[in-house]
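*Asks:* Below is the sequence, then the predicted model.
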Amino acid sequence: MDAFNNPWRGRGLPESADLAGGDLSETASEAALFLERSPDRRPSPLLEAAALAAAFGVGALYLKDERNRMGLGSFKALGAAYAIAKRAARKVREGDARDHGTALEGTTFACASAGNHGMSLAAGAPLCGARAVVFVAETVPEAFAVRLRNKGATVVRTGATYEDSMAEAERQAEANGWILLPDSTWPGMTEAGRDVMEGYLIMGDEISRQMPEPPTHVFLQAGVGGLAAACALSARATWGPDVTIVVAEPEYAPALQAGIKAGKAVTAPGPVSVMGRLDCKEPSHLALKYLAREADVFTTITDEEAAETVALLATHDLATTPSGAAGIAALHHAGTEATALSLGPDARVLCYLSEGPEDV
């Protein structure tokens, strides 16, 4: 693992970074209304992992366990489904629909996905009367496509990579008048991805009531950065400027760290990582914007470090994937960086167990 101190902390990237515009709500008030109408509104648990804390040399370790969120297996259950519900609520509020269950009849939402984002879209669309079309690459297991179809989604296989399926989703959405709902943001496409990120604020709102004491450190795994940005905002809103926020990315996909070093959004080169959900070479512009202001340290972890942490967690009955364990892996393998991060017996650390083990 390596670590890079964020030179933009507290002020954010300069205007010359030319990031996509838009702002993310810093409270979970509207997101909380979404939960009230959801079939499964239970908060995910916050686990105190005393044995792991001792193994990692810190005073306390808390794990926000998203592995069973809404029965969909990951934190992303809060994303696309929330973004769809927010559109339905707006139509009801403005008098264009009578109820949330039929508010979006005749609407089709589309996305590209290699996993959890597509499941959230597939589950959320029919709750508001809408259809879901999920584009997947040829490498995505058929068992996952079956899960999507079982939720009522139309599955379209296209291209060899996620990027190929994303390009086709964009093309067909424009051609058919569908609403493209990505889990990232870029110039000209910010509203949908912003709403997805806003749903993730629910986790921070829950944690603010679950934590018995403020953490000294928060470790956040990142792909395009949506989870990390939303949870960083929640952490600052709850605990203020003193908590140390550490962002962990795959060594092979350091899109956010590369952007911080360059002072603008860039494409990070690298081979394929075993952290497939986090293997994103380009950052979400809104996520980069907020993490540049709020994160203290950007780290990268190797595939081997992530795999070792998954194996260790399994011995503690905490089954997950390399992506789901990435933030914990950064803590696990802090090594010589631990002193610089002020980790030690007085540290109280919050991490996210962001998804369950692969079942496809």
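*Replies:* The structure has been received and is ready for your questions.
*Asks:* mind listing what's buried in stretch 277-295?
*Replies:* 277-295 (16 or more other C-beta atoms under 10 Å). C-betas here are computed from N, CA, C, even on glycine.
*Asks:* Contacts only, for Y62.
*Replies:* Y62 makes contacts with L46, L47, E48, A49, M211, P215, R348, V349, L350, C351, as judged by C-beta atoms under 8 Å, 6 or more residues apart in numbering.
*Asks:* Tell me the first helix or strand C-terminal of the one helix or strand A143 maps to.
*Replies:* For A143, the element it lies in under DSSP states H and E is helix 142-150. Moving toward the C-terminus from helix 142-150, the next helix or strand (DSSP H and E) is strand 154-157.
*Asks:* List the buried residues for that next one?
*Replies:* Counting neighbours by 16+ other C-beta under 10 Å, strand 154-157 gives V155, V156 as buried.
*Asks:* That one packs against which elements?
*Replies:* strand 131-136, helix 142-150, helix 162-176 (3 or more C-beta pairs under 8 Å, 6 or more residues apart in numbering; DSSP states H and E).
*Asks:* Helix, strand, or coil at Y62?
*Replies:* Assigned by DSSP: H, G, I helix; E, B strand; the rest coil, the conformation of Y62 is strand.
*Asks:* need the contact list for the closest residue to it other than its chain neighbours.
*Replies:* Spatial nearest neighbour of Y62, excluding adjacent residues (C-beta to C-beta, 6 or more residues apart in numbering): L350 at 5.0 Å. The contact partners of L350, by C-beta under 8 Å, 6+ apart, come to Y62, K64, I207, M211, P215, H217, V218, F219, A235.
*Asks:* Same question for A230.
*Replies:* L24, M197, E198, Y200, L201, M203, G204.
*Asks:* between the contacts of L350, which is nearest K86?
*Replies:* Using C-beta to C-beta, I207 comes nearest to K86 of the contacts of L350, at 21.5 Å.
*Asks:* gap between that closest one and P215?
*Replies:* Noted for I207: a distance of 9 Å to P215, by C-beta to C-beta, to the nearest Å.
*Asks:* how about the helices of the stretch 101-250 of the chain, start to end?
*Replies:* Secondary structure of the stretch 101-250 of the chain by DSSP state H, counting those that start in this stretch: the helices cover 116-124, 142-150, 162-176, 191-199, 201-210, 226-239.
*Asks:* Quickly compare those and say which is most buried.
*Replies:* Neighbour counts (mean count of other C-beta atoms under 10 Å) averaged over each of these peak at helix 116-124, with a mean of 28.
*Asks:* still on that earlier bit, mind putting the helices of the stretch 101-250 of the chain into JSON lines with distance to L318 and mean pLDDT?
*Replies:* Shown next, in JSON lines, are the helices of the stretch 101-250 of the chain (distance: least, C-beta to C-beta, whole Å; pLDDT from 0 to 100):
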{"stretch": "helix 116-124", "distance to L318": "18", "mean pLDDT": "93"}
{"stretch": "helix 142-150", "distance to L318": "23", "mean pLDDT": "91"}
{"stretch": "helix 162-176", "distance to L318": "27", "mean pLDDT": "94"}
{"stretch": "helix 191-199", "distance to L318": "24", "mean pLDDT": "92"}
{"stretch": "helix 201-210", "distance to L318": "17", "mean pLDDT": "94"}
{"stretch": "helix 226-239", "distance to L318": "18", "mean pLDDT": "96"}
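*Asks:* quick revisit: show me the two of the contacts of A230 that sit farthest apart.
*Replies:* Across these, the longest distance by C-beta to C-beta is 14.0 Å; it joins L24 and M203.
*Asks:* Tell me who's in contact with A50.
*Replies:* Going by C-beta under 8 Å, 6+ apart, A50 touches A60, L61.
*Asks:* can you rerun that using 10 Å?
*Replies:* G59, A60, L61 (C-beta atoms under 10 Å, 6 or more residues apart in numbering).
*Asks:* Also S184?
*Replies:* 20, 117, 166, 190, 192-193, 196-197, 223-226, 280, 282-287.
*Asks:* From P126, how far off is H316?
*Replies:* As judged by C-beta to C-beta, H316 and P126 stand 37 Å apart.
*Asks:* the more surrounded of those two?
*Replies:* Set H316 next to P126 and count neighbours by other C-beta atoms under 10 Å: P126 wins out with 16 against 13.
*Asks:* nearest spatial neighbour of that one, skipping sequence neighbours?
*Replies:* Leaving out its chain neighbours, the residue that sits closest to P126 by C-beta to C-beta, 6+ apart is G152, at 5.1 Å.
*Asks:* Next up, phi/psi of that neighbour, please.
*Replies:* Per-residue torsions, G152: phi 100, psi 0 (degrees, to the nearest 10).
*Asks:* What is the burial count for it?
*Replies:* G152: 12 neighbours (other C-beta under 10 Å).
*Asks:* Quick check: the gap between it and Q172.
*Replies:* 18 Å.
*Asks:* Can you show me the strands along this protein?
*Replies:* 2-5, 46-48, 60-65, 108-112, 131-136, 154-157, 179-180, 217-221, 244-250, 297-301, 348-353 (DSSP state E).
*Asks:* Would you reformat those as JSON lines and include mean pLDDT and distance to P269?
*Replies:* Putting those into JSON lines (pLDDT from 0 to 100; distance: least, C-beta to C-beta, whole Å) gives the following:
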{"stretch": "strand 2-5", "mean pLDDT": "92", "distance to P269": "17"}
{"stretch": "strand 46-48", "mean pLDDT": "98", "distance to P269": "37"}
{"stretch": "strand 60-65", "mean pLDDT": "98", "distance to P269": "32"}
{"stretch": "strand 108-112", "mean pLDDT": "97", "distance to P269": "21"}
{"stretch": "strand 131-136", "mean pLDDT": "97", "distance to P269": "24"}
{"stretch": "strand 154-157", "mean pLDDT": "97", "distance to P269": "27"}
{"stretch": "strand 179-180", "mean pLDDT": "97", "distance to P269": "26"}
{"stretch": "strand 217-221", "mean pLDDT": "98", "distance to P269": "20"}
{"stretch": "strand 244-250", "mean pLDDT": "98", "distance to P269": "13"}
{"stretch": "strand 297-301", "mean pLDDT": "97", "distance to P269": "13"}
{"stretch": "strand 348-353", "mean pLDDT": "98", "distance to P269": "27"}
